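>>> Sequence and predicted structure, then a few things I'm wondering about:
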Amino acid sequence: MKARIYQPTKTAMQSGRAKTHKWTLEFEPTRRQQLDPLMGWPGAGDTMAQVRLKFDTREDAVAHAERLKLEYVVQEPKERQIRPKAYADNFAVDRKTPWSH
């Protein structure tokens with residue numbers, strides 16, 4: 001089985017960075033999803049694709065994967081770039097695009 005270890009990013013629906021500090025171990029799906037002939041809903045017989053394990057540190061997640069003898073890939077998080085902004089910059093004289101209509 002293959003697993004992926006990553007640190008989740010914040011969702012578009014939240015402004016804070018809650019729930020992004022823990023590391024997640026997620027199993028890769030082994031089968032393609034198929035449509036159910038009766039209802040038409042997509043589904044697969046692979047229940048391990050539904051499992052997500054949370055760990056406090058990257059090392060804990062890697063140790064767990066090695067303990068279970070899983071193939072794993074670690075995706076390092078991208079560094080967050082903060083660009084300082086000021087409200088007054090919207091009305092600056094040397095602004096590249098005009099702010100008025």
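Okay, I see it. Numbering: from 1, shown residues only.
>>> Can you give me the distance of residue 26 to residue 18?
19 Å (C-beta to C-beta, to the nearest Å). No exception for glycine: its C-beta is placed from N, CA and C like everyone else's.
>>> next one: residue 44
With C-beta to C-beta as the criterion, residue 44 and residue 18 are 30 Å apart.
>>> count of residues packed around residue 61?
23 (other C-beta atoms under 10 Å).
>>> you'd agree it is in a helix?
Yes - counting by DSSP: H, G, I helix; E, B strand; the rest coil, residue 61 is found in a helix.
>>> what bridges to the nearest residue to it once chain neighbours are set aside?
Closest residue to residue 61 apart from its sequence neighbours, by C-beta to C-beta, 6 or more residues apart in numbering: residue 55 at 4.2 Å. Beta bridges link residue 55 to residue 23 when assigned by DSSP bridges.
>>> What segments of this protein are strands?
Taking DSSP state E, the strands of the chain run over residues 2-6, 23-27, 34-35, 42-43, 52-55, 71-75.
>>> Cheers, nothing more for now.
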